[in-house]
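Got a predicted structure plus its sequence, pasted below:
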Amino acid sequence: MSRASSVPLPDGLLLAYYGDDFTGSTDAMEAMTAAGVPTVLCLEPPTPALLRRFPGVRCVGLAGSSRGRSPEWMDANLPRLFESLSALGAPILHYKVCSTFDSSPVVGSIGRAIDLGVPRMRGRWAPMVIGAPRLKRYQLFGNLFAAVDGVGHRLDRHPTMSRHPVTPMHEADLRRHLSPQTRRRTELIDMVQLRAGEGSARVAQLAGNDVPVVLVDVLDEETLLEAGKLVWENRGDGLFSASSSGLSYALTAYWRSLGLLPREPTLPVADAVPTIAAVSGSCSPVTAAQIRWARAHGFVTERLQLRHALDAARANDEIERCVAAAANALHDGTSALVFSAEGPDDATVTGFDAIAADAGLRRGDAARRVGAALAEVMRRLLDRTETRRVVVAGGDSSGEVASALGISALSVAATMAPGAPLCRAWSNNPRRDGLEIVLKGGQIGTPEFFGSVLTGRPAV
């Protein structure tokens with residue numbers, strides 16, 4: 001039940017965040033914007049000159065790529081990025097992670113990010129909110145679950161995450177999963193304690209100079225709101241929180257319950273466009289179903305041949321072949337999709353290590369080179385056609401593509417699918433400024449997702 005608050009939200013920024021991949025960054029931006037919190041997502045460390053373009057902004061994000069990076073990369077890069085955000089003065093510094101907790105001790109270590117981020121704020125606890133019911137992600141007694149096609153799965157038995165090619169989930173208890181990534185004390189405020197109103201007392205009991213990570217269960221809208229209340233009312237002099245967009249949903253749910261935000265979250269609906277261009281580096285079965293739908297409904301779908309794309313001598317010719325096929329389709333009034341894989345059982349996925357080895361590349365370097373090839377496909381397509389609405393599927397691919405297009409920032413333009421809004425690009429390049437772009441995580445969207453982007457009708 002909503003209750004009016006006599007204490008308004010403080011002036012200035014309410015939250016600043018770093019997204020560990022680009023799709024997750026737009027997910028967090030959507031959550032805040034839809035709730036009525038003006039938000040901008042920067043693709044480079046925010047400067048006063050850039051932020052002056054967004055008067056009245058209350059949340060600033062910085063899109064990153066740490067989900068696919070090593071702890072050594074994090075040590076070299078995250079401190080200055082966290083400093084650029086903490087200098088903005090928001091009471092909460094959010095390291096935005098994927099709601100499926102993609103991480104390991106050697107790739108995308110959430111624990112290492114926590115250890116680097118905690119010293120940037122003054123708090124004595126570091127809350128972690130991962131559950132996000134809107135995205136069908138649920139945390140119960142510290143264990144993470146996700147629903148696929150209406151069926152809930154513990155993360156270590158999830159059809160995709162249990163066999164993820166880079167960060168497979170072998171443990172659903174997030175305390176156990178996190179323990180090899182950090183030596184920091186890890187605690188839990190569970191659903192029973194939260195619903196009993198014991199959360200704040202538990203925070204007081206757990207907080208300390210060692211700044212423990214404190215997982216907060218979120219199972220439904222009730223516990224989501226309670227998690228938001230817990231974090232906001234115990235923010236003290238400032239908190240660092242490694243959380244999914246569940247933190248954004250939790251905070252805004254609490255502010256809404258106080259009457260500080262509009263009662264019903266809302267975003268505009270987009271108009272239809274004649275054609276769209278899309279690239280996909282996702283290995284997810286969800287994206288595979290979307291590629292099949294697009295092919296069956298008139299899209300030209302062109303596979304990027306990885307053996308050629310990873311061969312320095314043949315890469316340009318392979319990119320050009322895909323660009324030519326897609327550009328011809330767009331000139332003829334047909335939408336085009338260039339993809340590198342079609343589901344987890346695709347031969348390019350099961351045989352990726354061998355393909356990378358044949359090219360003389362390590363797996364991580366090969367994966368980034370695939371993303372760079374898809375980015376170049378999209379860049380050339382936009383230079384050669386009048387396409388103004390595009391889609392990128394896959395977190396790593398989204399980062400490569402967005403970085404290659406000379407985009408400075410993104411804002412939400414319209415609703416599309418939960419976690420994947422239609423964004424408006426801000427750029428000093430007139431051909432990029434105003435571009436409409438969707439950055440879609442592999443697990444996001446219904447089978448007709450690409451058709452929804454074309455017609456503007458949200459996919460639910």
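It's in. Numbering: from 1, shown residues only.

Next up, the contacts around Arg307.
355, 358-359 (C-beta atoms under 8 Å, 6 or more residues apart in numbering). C-beta: built from backbone N, CA, C; applies to glycine.

what's Ile92 in contact with, if anything?
Shown in contact with Ile92 (C-beta under 8 Å, 6+ apart): 14-16, 231, 235, 238-241, 247, 251.

one step back: return a ChimeraX selection command for the buried portion of the contacts of Arg307.
The command below creates a ChimeraX selection of those among the contacts of Arg307 that count as buried (16 or more other C-beta atoms under 10 Å):
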select :355,359
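
follow-up on the earlier one: mind giving me the ChimeraX command for buried ones among the contacts of Ile92?
Of the contacts of Ile92, the buried ones go into a single ChimeraX selection, burial set by 16+ other C-beta under 10 Å:
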select :14,15,16,231,235,239,240,241,247,251
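
Would you mind finding the longest helix in the protein?
The helix that spans the most residues within the chain, counting by DSSP state H, is helix 363-384.

mind saving the C-alpha coords of the next helix-or-strand element following it as CSV?
Of the helices and strands lying after helix 363-384 in sequence (DSSP states H and E), the nearest is strand 389-393. Listed in CSV are the C-alpha atoms of strand 389-393, where the atom choice follows Å, rounded to 0.1, in the frame of the first residue of the first chain:
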residue,chain,number,x,y,z
ARG,A,389,16.8,1.5,-36.2
VAL,A,390,19.1,-1.3,-35.3
VAL,A,391,19.4,-4.3,-32.9
VAL,A,392,22.5,-5.9,-31.4
ALA,A,393,22.0,-9.3,-29.6
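
circling back to that earlier point, looking at the contacts of Ile92, spot the one nearest Pro133.
Pro133 lies nearest to Leu247 out of the contacts of Ile92, by C-beta to C-beta, at 13.2 Å.

give the contact list for that closest one.
When contacts are counted by C-beta under 8 Å, 6+ apart, Leu247 is found next to 92, 94, 96, 127, 129, 227-228, 231, 241.

Leaving out sequence neighbours, find the closest residue to it.
If the residues on either side of it in the chain are set aside, Leu247 comes closest to Val129, at 4.4 Å by C-beta to C-beta, 6 or more residues apart in numbering.

Same question for Gly441.
Using C-beta to C-beta, 6+ apart, the closest residue to Gly441 is Thr23 (4.0 Å).

Please identify the helix or strand for the one you found.
Since the elements are taken from DSSP H and E, Thr23 ends up inside helix 22-34.

Let me know the angle separating that helix from strand 389-393.
For helix 22-34 and strand 389-393, the angle between their directions (axes from the mean of the first three to the mean of the last three C-alpha atoms, to 10 degrees) works out to 120 degrees.

Is Glu302 in contact with Cys322, as I believe?
Yes: under the contact definition of C-beta atoms under 8 Å, Glu302 touches Cys322, with a separation of 5.2 Å.

any common contacting residues for those two?
When C-beta under 8 Å, 6+ apart defines a contact, the residues bordering Glu302 and Cys322 alike are Val338.

any idea how far the least confident helix or strand in the chain by mean pLDDT is from the chain center?
Of all helical and strand segments in the chain, the minimum by mean pLDDT, DSSP states H and E falls on helix 395-404, at a mean of 84. In this view, helix 395-404 has its centroid 12 Å away from the chain centroid, taken as C-alpha atoms, centre = their mean, to the nearest Å.

cool, stretch 7-26 as well?
The gap between where stretch 7-26 is centred and where its chain is centred comes out at 13 Å by C-alpha atoms, centre = their mean.

do the same with stretch 191-208
Using C-alpha atoms, centre = their mean, the mean C-alpha position of stretch 191-208 is found 29 Å from that of the whole chain.

and the end-to-end length of it?
One end of stretch 191-208 sits 22 Å from the other (C-alpha to C-alpha, to the nearest Å).

Identify each buried residue in that stretch, please.
Under the neighbour-count criterion of 16+ other C-beta under 10 Å, stretch 191-208 has 191, 193-194, 199, 202-203, 206-207 buried.

And for stretch 175-191?
177-178, 181-182, 184, 186-191.

How about stretch 399-408?
Judged by neighbour count using 16+ other C-beta under 10 Å, the buried positions of stretch 399-408 are 399-405, 407-408.

Tell me the secondary structure of the closest residue to Leu260 other than its chain neighbours, please.
Counting by C-beta to C-beta, 6+ apart, the nearest residue to Leu260 once its immediate chain neighbours are dropped is Leu9, at 5.4 Å. Of the three states, Leu9 takes coil according to DSSP: H, G, I helix; E, B strand; the rest coil.

State the number of residues packed around Leu9.
Residues lying near Leu9 (other C-beta atoms under 10 Å) number 14.

I'm done for today, thanks for sticking with me.
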